[in-house]
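In: The sequence isn't on hand, but the structure is:
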């Protein structure tokens, strides 16, 4: 029970800190996730992006519209199916993602700065194991 409560507290605090505009947040979590996926995987159809992120297509559509309005994402006609569109991150979107990624990494790095190196390594190992377990659970 304590582990579950501490994880819930951790995720709540992490969400609050990473989305706090007073701490320099330039992208919302959903925007960050969409740009991150496009940055890592390249252009993709909106339906594929929605499925990979576990989002409802209408929710993704609103997020993409906001990102496109800020010139962080563009819609292009799919070369394989002219009726479909692919989403592509723009150079400005890539830069916004990388700036936000560095900021988020710094928040966690700074919080762990006083921890001994072996503890930081062990935390990373345990979180990796937890992620793998949750991934297997979600896939079954």
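Out: That came in fine, so what should we check first? What you see is a predicted model, and the numbers here were worked out from it, not measured in a lab.
In: and stretch 50-57, how far from the chain's centre?
Out: 13 Å (CA atoms, centre = their mean, to the nearest Å).
In: Endpoint to endpoint, it covers what distance?
Out: The first and last residues of stretch 50-57 sit 6 Å apart, counting by CA to CA, to the nearest Å.
In: Residue 54 versus the spatially most central residue of the chain, what's the distance?
Out: With distances taken as CA atoms, centre = their mean, residue 33 lies nearest the centre of the chain, 2.7 Å away. Distance from residue 33 to residue 54, counting by CB to CB, to the nearest Å: 10 Å. Backbone N, C-alpha and C define where each C-beta goes, glycine included.
In: how about the strands in this protein?
Out: Per DSSP state E, the chain has strands spanning 44-45, 73-77, 85-89. These are given in chain order.
In: so what does the shortest one touch, helix or strand wise?
Out: Based on contacts counted as 3 or more CB pairs under 8 Å, 6 or more residues apart in numbering; DSSP states H and E, the elements that strand 44-45 packs against are strand 85-89.
In: Now the residue of the chain positioned farthest from its centre: phi and psi?
Out: Using CA atoms, centre = their mean, the residue of the chain lying farthest from its centre is residue 82. It sits 28.9 Å away. When read as degrees, to the nearest 10, the backbone of residue 82 gives phi -60, psi -20.
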